[in-house]
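In: Need coordinates for the following:
(one chain, ligands or ions: 3)
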Amino acid sequence: MDVLVVDHPLAQSRLTAMRNTESDSGAFRAALHELTTMLVYEAARSFAVEAYPIETPVAPTMGTRLANPPLIVPVLRAGLGMADSALALLPESSMGFVGLARDEKTFEPRAYMESLPGDLSGLPVLVLDPMLATGGSLVHCCRLLVERGCTDVAVCCVLAAPEGIERLRASGTVRHLVTASIDEGLNDKKYIVPGLGDAGDRQFGGMPRF
Ligand SMILES: O=P(O)(O)OC[C@H]1O[C@H](OP(=O)(O)OP(=O)(O)O)[C@H](O)[C@@H]1O
Ligand SMILES: O=c1cc[nH]c(=O)[nH]1
Ligand SMILES: [Mg+2]
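Out: Ligands and ions are numbered 1, 2, ... in the order given. Next up is the predicted model:
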């Protein structure tokens with residue numbers, strides 16, 4: 001698994017807005033939308049392209065397009081705030097959904113939704129989740145993809161803890177990880193430090209109800 005940290009000044013300024021407790025949910029979501037555009041732009045560097053003939057107003061030439069647009073998979077809830085930005089950059093893509101909520105005591109993910117194609121062989125997948133903390137949630141999600149035949153998984157997250165990166169790497173499910181920061185680690189409640197808090201609550205408020 002290769003890991004890319006997007007340390008561009010514009011990415012880091014959006015990340016700062018997300019970390020700041022003074023940012024309300026509107027400001028948090030706006031910064032997440034913009035940062036996701038930058039993360040997906042960088043993740044797409046590894047996507048295969050193909051040439052095809054076009055005509056400009058002046059002359060025929062060769063154009064470029066994605067050979068195989070990825071399935072986009074936001075991890076609910078928090079990944080929903082990344083979905084629109086990713087789809088805007090990848091308008092030919094389809095979208096699947098995985099719903100996970102981390103148990104507050106065991107810190108393991110509880111799955112409450114899967115909406116994915118049954119066969120993912122030959123289809124690259126781009127997974128979106130702002131937070132890679134213990135790694136339990138992303139490993140769960142990426143295993144669902146591999147079980148369906150996917151061999152090309154890229155993940156975009158806003159923040160990653162070293163523990164989560166190692167767990168994801170050890171799972172052997174992901175080829176590329178793109179993040180805006182590798183933070184110091186996790187606290188005793190398994191929140192990323194310094195982090196940004198609960199990415200779902202900061203976008204949508206309250207607790208998930210189900
Ligand atoms: O790496 P982990 O230790 O598994 O933690 C990361 C997960 O926690 C958050 O979701 P959460 O479970 O809070 O659900 P939410 O998006 O509905 O808030 C986050 O969006 C990740 O999915
Ligand atoms: O820091 C963290 C860890 C898990 N989930 C979050 O939303 N934030
Ligand atoms: Mg949450």
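In: Let me see the backbone angles for the residue in the chain that ligand 1 sits nearest to.
Out: With Cβ to the nearest ligand atom as the measure, residue 200 is the residue of the chain nearest to ligand 1, at 2.2 Å. (C-beta placed from N, C-alpha, C; glycine too.) Main-chain torsions, residue 200, degrees, to the nearest 10: phi -70, psi -50.
In: what number of residues lie near it?
Out: 22 (other Cβ atoms under 10 Å).
In: My guess is it contacts residue 78. True?
Out: Yes - using Cβ atoms under 8 Å, residue 200 makes contact with residue 78 at a distance of 4.2 Å.
In: residue contacts, the most centrally placed residue in the chain?
Out: Nearest residue to the geometric centre of the chain (Cα atoms, centre = their mean): residue 128, 2.2 Å. Contacts were defined as Cβ atoms under 8 Å, 6 or more residues apart in numbering; by that measure residue 128 touches 36, 72-75, 79, 82-83, 86, 155-157.
In: So which of those residues belong to helices?
Out: Using DSSP state H, 36, 82-83, 86 are the members of the contacts of residue 128 that sit in helices.
In: how about those in TSV, adding neighbour count, distance to residue 28 and pLDDT?
Out: Listed next are these as TSV, based on neighbours: other Cβ atoms under 10 Å; distance: Cβ to Cβ, whole Å; pLDDT from 0 to 100:
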residue	neighbour count	distance to residue 28	pLDDT
36	26	12	99
82	29	12	98
83	18	16	98
86	25	17	98
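In: Taking these, tell me the two that lie furthest apart.
Out: Spanning the widest gap among the ones in helices among the contacts of residue 128 are 36 and 83, at 8.4 Å by Cβ to Cβ.
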